[in-house]
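no sequence for this one, just the structure:
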């Protein structure tokens, strides 16, 4: 089954009992048992819900995994995956990682004696050097947020296998339509499904897919124990979003390429970050492991003051957190998505005050370009 078809027909996509072509929303907390311990597949909706289960089968199919899991947010998904590790373990993570992931590691999980090192995972030697005797996992975000750095997932898989590490890949920006990390050697893939998978700015959710049944059993135990599960209404919204994911990603990328070309030629833009550019570090790796370059662009206008002026003047780009929606969004990472990262650390990473991040939507590309042109002018 090819990718576009899988978006429609993958997993459980209909109700076999009634023939409904959309899985019903099972708004229920508990289920009648025919006898003590004799239940019909479901006993309590934290442990399992038919609507959530349908979504979980879809994400498992899309990522070519053994099982999938749906959580109340992307951060709930990441937190639960990190609970696979024990106190005293060490994790190597991509340095240019989402601010919420950075905060989780440095402000929360460190209190439970989970050690971490942030490195440039696009540099293989740097990753190897960071591995310690107690390292148990390698956590990769590719493309990264907001500098869109690319990590070679196959190379990370080789390192992970060599050192007996779990390889965890955040696939939020690429989506399962463009990139399947499990096929490239990852053990666990996760998404902030709030973004492209939902795609309509109307749901907050996280998704996980795993390669092996053994990992699936461990994740399910943690999901049930911690309880940060996705509700049935939001599960249904994600399944609806997935049905148009392929079309949205293609339309978004088409718009993005035109906007990148415009920004590259603009005198007030000093740098453009986009994996689709031949000069972008990691461009060739992105070509080899992804079917597309995505709809995220970061560009620098030289100062925080100029950046904020641009943000004030746009009309079709909505100033907002998040990304991956049908509408185009614009943000200032230094003061928004990455504000939880200390200023000196942002400077080391290259997240300047003048860096603007845009999530390109599916509007008419000419309207979007004209909007940016007048804002920059």
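Structure's in. What do you need? Here the structure is a predicted model, which is why all the values come from computation and not from measurement.

Now for residue 113, how many residues are close by?
10 (other C-beta atoms under 10 Å). For every residue, glycine as well, the C-beta is placed using N, CA and C.

any idea how far it is from residue 134?
For residue 113, the distance to residue 134 equals 11 Å [C-beta to C-beta, to the nearest Å].

Quick check: neighbours shared by these two?
residue 88 (C-beta atoms under 8 Å, 6 or more residues apart in numbering).

Verify the contact between residue 10 and residue 3 for me.
No: contact criterion C-beta atoms under 8 Å: residue 10 and residue 3 do not qualify, at 9.4 Å.

Look up the closest residue to residue 298, ignoring the ones flanking it.
Distance criterion C-beta to C-beta, 6 or more residues apart in numbering; nearest residue to residue 298, sequence neighbours excluded, is residue 273 at 4.1 Å.

Is it correct that the one you found is in contact with residue 294?
No: look at residue 273 against residue 294 with C-beta under 8 Å: they stay out of range, at 11.6 Å.

In terms of neighbours, single out the busier of residue 10 and residue 3.
Between residue 10 and residue 3, counted using other C-beta under 10 Å, the more crowded position is residue 10 (19 against 16).

Tell me which residues touch the more buried one, please.
Residues near residue 10 by C-beta under 8 Å, 6+ apart: 1, 57-58, 61-62.

Three-state assignment for the residue nearest to it when sequence neighbours are not counted, please.
Spatial nearest neighbour of residue 10, excluding adjacent residues (C-beta to C-beta, 6+ apart): residue 61 at 3.6 Å. Secondary structure state of residue 61, per DSSP: H, G, I helix; E, B strand; the rest coil, is helix.

Please give me every residue in contact with residue 61.
6, 10-11.

Distance check, it against residue 76.
Per C-beta to C-beta, residue 61 is found 22 Å from residue 76.

Strands of the protein, residue ranges please.
Assigned strands in the chain, in chain order: 67-71, 90-94, 115-119, 135-141, 166-170, 188-192, 206-210, 271-273, 296-300, 318-319, 329-331, 355-359 (criterion: DSSP state E).

got the angle for the third one vs strand 135-141?
Right, strand 115-119. 40 degrees (axes from the mean of the first three to the mean of the last three C-alpha atoms, to 10 degrees).

neighbouring contacts of strand 115-119?
88-95, 97, 102, 105-106, 109-110, 126-127, 129-130, 132, 134.
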